[in-house]
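>>> Below: sequence and its predicted model.
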Amino acid sequence: MKIMVAYDGSEIAQRALMIAQKRAKSMQAELHIFTSAANTNGKGDDAQNAKLQEAQRDCEMLCKAANVVCKVEMSKFNLAVAEDIVRYARENQIDEIVIGLRRRSQLGKLLFGSTSRQVILDAPCPVLSVK
């Protein structure tokens, strides 16, 4: 079994990671920690990329300490975050996605959409949302 967590370094993503890690351990599943390159706004911001890569290394060490097999990936595609997550899940035959939900006003959702909503609608597998 493969469980994927969409990780961007935010507080909600860290909570999603903890839940995904517990689920992976209990199911003896492989945990995929995935970060979308779109989180850097497509600018190739070296400082932001370095910060995300450091956060991913911390995640990997956390998983190893908990005896959870994990694979850390940063997308190389130039897609919107939701598309990136869904594409990775399809290509890697992920069985479950864990994603954090950010609170946003109705107007914010209307103007900017919702990454988690799009993932839930388009994912090829069940999606566990974390508040």
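Looks like it came in fine.
>>> Buried residues, the longest helix anywhere in the chain. List them.
In the chain, assigned by DSSP state H, the helix with the most residues is helix 46-65. The neighbour-count check on helix 46-65 (16 or more other Cβ atoms under 10 Å) flags 49, 52, 55, 56, 59, 60, 62, 63 as buried. Glycine gets a C-beta too; all of them are placed from N, C-alpha and C.
>>> least trustworthy position among these, going by pLDDT?
pLDDT is lowest at residue 49 among the buried residues of helix 46-65; the value there is 70.
>>> what about the nearest residue to residue 6 once chain neighbours are set aside, how many neighbours?
Residue nearest to residue 6 in three dimensions, not counting chain neighbours: residue 99, with 4.5 Å by Cβ to Cβ, 6 or more residues apart in numbering. Neighbour count of residue 99, defined by other Cβ atoms under 10 Å: 25.
>>> any idea of the pLDDT on residue 99?
94.
>>> can you list the weak-confidence ranges in the protein?
Within the chain, the stretches with pLDDT under 70 are 38-46, 48, 103-113.
>>> now the helices for it?
Using DSSP H, helices in the chain cover 11-27, 46-65, 81-91, 106-112, 115-122.
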